[in-house]
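Participant: I'd like to go over a predicted model; first the sequence, then the structure.
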Amino acid sequence: MRTTTVVRAAAGALGALCLLAPHAARAGMFDAGLPPGWSCAGDCGTLGPDGAVTAAPLGGERYAYITTLDGVAGNVLAGVEDQEPGYSGTTLRSPSFSTTATGGLLEFHVNYVTSDGSNFMDYAWVRLLDASGAPPGMLFSARTRGDGPTVPGLGMPAPQADIVPFPTPFFGGAPVWSPLALSSGTCYEAGCGYTGWLHVVYAIPGAGDFRLEFGAVNWVDNEHHSGLAVDNVTLDGVTLAVPEPSSWAMLLAGLGVVASALRRRV
């Protein structure tokens, strides 16, 4: 009887940990910096609430960001109208993740921030990449412009995800945000500002191996920077970040307790 009680208690504790772990991870996926498996080309980092960019809804203490500061020449999104190949940009890619035949529900929050304006139409995007690197879906786009909506981006591939709220808000004026460096608190003519946090939801229709790509490009010059803040990246409610070592240790310890109890019972 005592052995049975131990097994049940250990299994129950382990089950509770498994249920709680994804929610805990979601609440702070970038709190310790960019998790293992995330790759950056250009200027990426993590940051707590700063100026125009507050903490994300349901997010942790920090969010990830990319900016056009120190972007890589030629690191741009194909298919954008009137673009020169030498423009510079930054991309951040998630670790690979998989879906089954039933697909999966992909969600994340983004906030586009730009100090540029007028005809200097900086832009940002989020797209899904398959195992070959091909883009099966454009999920989000935003573009600096002085005479129309920022989302979706003008002259960019049409996004396929749902964006909430939509139409999206835009808070005009010189945005204060330290990742923009010397561009923080400045504004080049009409079009500068930020969107605030937007919730993006996309139903992946079937099985496959995928990565998410977040990007931002400075249009024409390398002045008056723009960027994108990112948080709460989940698939079916589970964060894409690699679980922290402490979580793995707790899981393994729980499994050890169960295995030991079962051996004693036999």
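Facilitator: Structure received.
Participant: And Gly86, how far from Ala131?
Facilitator: According to Cβ to Cβ, to the nearest Å, Gly86 stands 30 Å off from Ala131. Every C-beta, even on glycine, is put in place using the N, C-alpha and C of the backbone.
Participant: Could you do Val200 as well?
Facilitator: For Val200 relative to Ala131 (Cβ to Cβ), the value is 22 Å.
Participant: More neighbours: these two, which one.
Facilitator: Legend: neighbour count by other Cβ atoms under 10 Å for Val200 and Ala131, higher for Val200 (20 against 11).
Participant: in the helix or strand harbouring that one, what's buried?
Facilitator: Using DSSP states H and E, Val200 sits in strand 198-204. Using 16 or more other Cβ atoms under 10 Å as the test for burial, strand 198-204 gives 198-200, 202, 204.
Participant: same thing with stretch 77-93?
Facilitator: Of the residues in stretch 77-93, 77, 80, 83, 87-93 count as buried by neighbour count, 16+ other Cβ under 10 Å.
Participant: ok, now stretch 231-241?
Facilitator: Buried-residue list, stretch 231-241, by 16+ other Cβ under 10 Å: 231-235, 239-241.
Participant: Next: stretch 168-177.
Facilitator: So, applying 16+ other Cβ under 10 Å, buried residues of stretch 168-177: 168, 170, 174-177.
Participant: would you put the C-alpha positions of that stretch in PDB?
Facilitator: Presented in PDB, the C-alpha positions along stretch 168-177 are these (Å, rounded to 0.1, in the frame of the first residue of the first chain):
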ATOM      1  CA  THR A 168      -4.100  48.300 -35.900                       C
ATOM      2  CA  PRO A 169      -3.400  51.400 -33.900                       C
ATOM      3  CA  PHE A 170      -0.400  53.700 -34.500                       C
ATOM      4  CA  PHE A 171       0.900  56.100 -32.000                       C
ATOM      5  CA  GLY A 172       2.600  58.900 -33.900                       C
ATOM      6  CA  GLY A 173       5.500  61.100 -32.800                       C
ATOM      7  CA  ALA A 174       9.200  60.600 -31.900                       C
ATOM      8  CA  PRO A 175       9.400  57.200 -30.100                       C
ATOM      9  CA  VAL A 176      11.700  56.900 -27.100                       C
ATOM     10  CA  TRP A 177      13.300  53.400 -27.200                       C
END
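Participant: need the contact list for the residue nearest to Ser94 when sequence neighbours are not counted.
Facilitator: Leaving aside its sequence neighbours, Ser94 sits nearest to Leu212 (Cβ to Cβ, 6 or more residues apart in numbering; 4.2 Å). Residues near Leu212 by Cβ atoms under 8 Å, 6 or more residues apart in numbering: 93-94, 106, 108, 126-129, 139, 233, 240.
Participant: quick one, strands of the stretch 101-250 of the chain?
Facilitator: Secondary structure of the stretch 101-250 of the chain by DSSP state E, counting those that start in this stretch: the strands cover 104-114, 123-130, 137-143, 162-164, 171-172, 193-194, 198-204, 208-218, 226-235, 238-239.
Participant: Partner strands of the second one and their direction?
Facilitator: Each strand pairing with strand 123-130, determined using DSSP bridges, is listed with its direction: strand 137-143 (antiparallel), strand 208-218 (antiparallel).
Participant: Indicate which one of these is closest to Cys187.
Facilitator: With Cβ to Cβ, the closest approach to Cys187 among these belongs to strand 208-218: 15.2 Å.
Participant: Show me the shaky parts of the stretch 151-266 of the chain.
Facilitator: The stretch 151-266 of the chain contains residues with pLDDT under 70 at 241-266.
Participant: let's see 90
Facilitator: 157, 220-223, 240-266 (pLDDT under 90).
Participant: thinking again about what came up before, got the buried residues of stretch 231-241 as a markdown table, with distance to Asp50 columns?
Facilitator: Shown next, in a markdown table, are those (distance: Cβ to Cβ, whole Å):
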| residue | distance to Asp50 |
| --- | --- |
| Asp231 | 13 |
| Asn232 | 17 |
| Val233 | 19 |
| Thr234 | 23 |
| Leu235 | 28 |
| Thr239 | 22 |
| Leu240 | 23 |
| Ala241 | 21 |
